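1. take this sequence and fold it.
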Amino acid sequence: MCDSNKSSMIKRCFLHVGFHKTATTSFQLTLQHNRKLLEQEEIFLPKFRGKKQKFSANHSGQIRDVFDEKAQHLWDGSGQSNPSTDKKQQTVYNHCQSLSRLLDQDHNILISGEGISTMPEQSLVRLKTKLEQHGFLIEPFALVRSPYAFITSALQQTIKNGKYNPLIGLIAGQGSASDKAFKIPSTSKSISTLNRIFGERMNYVPFKTATNHPGGPVLFLLQNVLRLKQTDQYQLINANESKSNVSIRLKNFLNQQHPHADQGKLRSLFKTISLQSKQTKFLLTEQEFEGIQNDFKKVKREMKRKLGKTFVEEKIAFSSEFSADETNQLLSQLSQKLYEFAIKA
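-> Got it, this is the predicted structure:
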């Protein structure tokens with residue numbers, strides 16, 4: 001891992017570690033878009049190069065690579081090793097050099113990546129140690145969804161990404177949580193890891209607190225966590241892409257046989273079908289919830305024990321099951337749209 005001279009000046013590192021589905025993309029794109037304003041307030045972002053050599057707004061991948069155990073033999077010592085001819089190692093080397101330049105400077109920095117919270121514990125320890133060696137006072141923070149809200153959001157995202165989930169059905173009674181491989185999404189393990197590493201400095205904020213802010217979750221973070229003074233000059237970016245109950249259930253139905261990420265023409269297809277249907281939010285049906293209720297109670301108890309009552313208070317709402325006629329209509333629309341897409345291809 002690359003190394004540099006230790007700075008004698010105490011600087012702050014705002015370390016945004018997640019969690020997933022808490023306006024992270026909107027926050028990251030807002031930071032990236034207002035990079036110059038941030039620098040005027042003495043907060044600098046990493047200059048990691050991503051696709052098409054553009055600066056990455058989400059630093060998860062680069063931080064994971066640089067502090068991964070497999071990368072340590074490349075950069076131990078002075079960090080002046082010759083770049084590898086291997087493309088992946090060359091990329092990691094470049095990220096390492098970019099991070100070194102950032103850490104060497106005497107100003108505050110902000111690293112943001114929801115994937116940081118799921119890094120192996122030893123990788124997080126290396127990150128913490130490196131920041132402290134360079135004189136940074138680490139201010140780690142994360143927005144946390146309540147358990148049920150996180151489950152529905154996480155399921156929605158995995159289905160959009162092309163993964164079939166046995167719990168979610170299209171036809172009444174079709175879903176099943178009996179699959180031993182199925183496990184309800186939870187941030188509990190990540191919270192335990194973060195607590196061990198950062199202790200009382202770890203700042204958790206209920207997502208509903210951020211969303212209740214008059215300016216929304218992004219402005220809440222800018223004002224209350226980063227403590228910025230010029231937020232009225234910032235252009236806020238909204239990357240919310242929440243899908244309807246109809247589109248998620250249809251997508252999961254297709255994923256069972258043909259898993260494919262929700263992008264390109266496929267995204268247009270589901271958007272068209274959703275517009276023709278009821279625009280209700282994706283939630284579990286009461287029957288689906290019953291299938292995971294015992295596990296849900298365990299997750300809720302764990303979160304309450306680790307973070308407190310405020311983080312588990314929520315209203316549990318359900319979506320209605322589709323009737324036989326509604327299901328037939330949805331499948332008919334799907335068949336028609338698939339045919340239209342096929343003849344246009």
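
2. going forward, measure contacts and count neighbours with C-alpha atoms only.
-> Noted.

3. can you tell me the helix or strand for residue 92?
-> Of the helices and strands defined by DSSP states H and E, residue 92 is found in helix 87-104.

4. partners of the helix or strand that that helix is followed by, with directions?
-> The first helix or strand that comes after helix 87-104 along the chain, using DSSP H and E, is strand 108-112. Strand 108-112 pairs in its sheet with strand 11-16 (parallel), strand 43-44 (parallel), by DSSP bridges.

5. so which of those comes closest to residue 22?
-> When those are ranked by proximity to residue 22, the top entry is strand 11-16, at 11.4 Å, counting by Cα to Cα.

6. so what touches the following helix or strand past the closest one?
-> Along the chain past strand 11-16, the next helix or strand (assigned with DSSP H and E) turns out to be helix 24-33. For helix 24-33, the external contacting residues (Cα atoms under 8 Å, 6 or more residues apart in numbering) are 18, 38, 57-58, 112-114, 218, 234-240.

7. report all helices and strands that the helix holding residue 92 contacts.
-> With contacts defined as 3 or more Cα pairs under 8 Å, 6 or more residues apart in numbering; DSSP states H and E, the secondary structure elements packing on helix 87-104 are helix 60-66, helix 69-75.

8. could I get these as TSV with mean neighbour count, distance to residue 297 and mean pLDDT?
-> As requested, the helices and strands packed on helix 87-104 are exported to TSV (neighbours: other Cα atoms under 10 Å; distance: least, Cα to Cα, whole Å; pLDDT from 0 to 100):
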stretch	mean neighbour count	distance to residue 297	mean pLDDT
helix 60-66	22	30	95
helix 69-75	15	36	72
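
9. what would those helices look like in a markdown table with distance to residue 258?
-> Output for those, formatted as a markdown table (distance: least, Cα to Cα, whole Å):
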| stretch | distance to residue 258 |
| --- | --- |
| helix 60-66 | 27 |
| helix 69-75 | 34 |
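
10. please identify which of these is closest to residue 139.
-> Nearest to residue 139 among those is helix 60-66 (16.5 Å), distances taken as Cα to Cα.

11. show me what that closest one is packed up against.
-> Here helix 60-66 touches helix 87-104, going by 3+ Cα pairs under 8 Å, 6+ apart.

12. what residues of the helix it packs on count as buried?
-> Neighbour-count burial for helix 87-104 flags 89, 91-100, 102-103 (criterion: 16 or more other Cα atoms under 10 Å).

13. so of the contacts of helix 24-33, which ones are in helices?
-> The helices in this structure, assigned by DSSP state H, contain 38, 218 from the contacts of helix 24-33.

14. so which of the contacts of helix 24-33 comes closest to residue 67?
-> Distance ranking of these against residue 67, using Cα to Cα, places residue 113 first at 13.7 Å.

15. apart from its neighbours in sequence, what residue is nearest that closest one?
-> Once its chain neighbours are removed from consideration, residue 113 has its nearest residue in residue 60; the separation is 4.3 Å (Cα to Cα, 6 or more residues apart in numbering).

16. give the next helix or strand downstream of the lowest-mean-pLDDT helix or strand in the chain.
-> Using mean pLDDT, DSSP states H and E, the weakest-scoring helix or strand in the chain turns out to be helix 264-275, at a mean of 66. Under the assignment DSSP H and E, the closest C-terminal helix or strand after helix 264-275 is helix 286-307.

17. ramachandran coordinates for residue 143?
-> For residue 143, the backbone dihedrals (degrees, to the nearest 10) come out as phi -90, psi 140.

18. that one pairs with what?
-> Beta-bridge partners of residue 143, counted by DSSP bridges, are residue 205.

19. can I assume it is in contact with residue 204?
-> Yes. Proximity of residue 143 to residue 204 meets the contact threshold set by Cα atoms under 8 Å, at 5.9 Å.

20. more neighbours: those two, which one.
-> residue 143 (25 against 16; other Cα atoms under 10 Å).

21. measure the more buried one to residue 223 for me?
-> Residue 143 is 14 Å from residue 223, where distance means Cα to Cα, to the nearest Å.

22. ok, now residue 249?
-> Counting by Cα to Cα, the separation of residue 249 from residue 223 is 37 Å.
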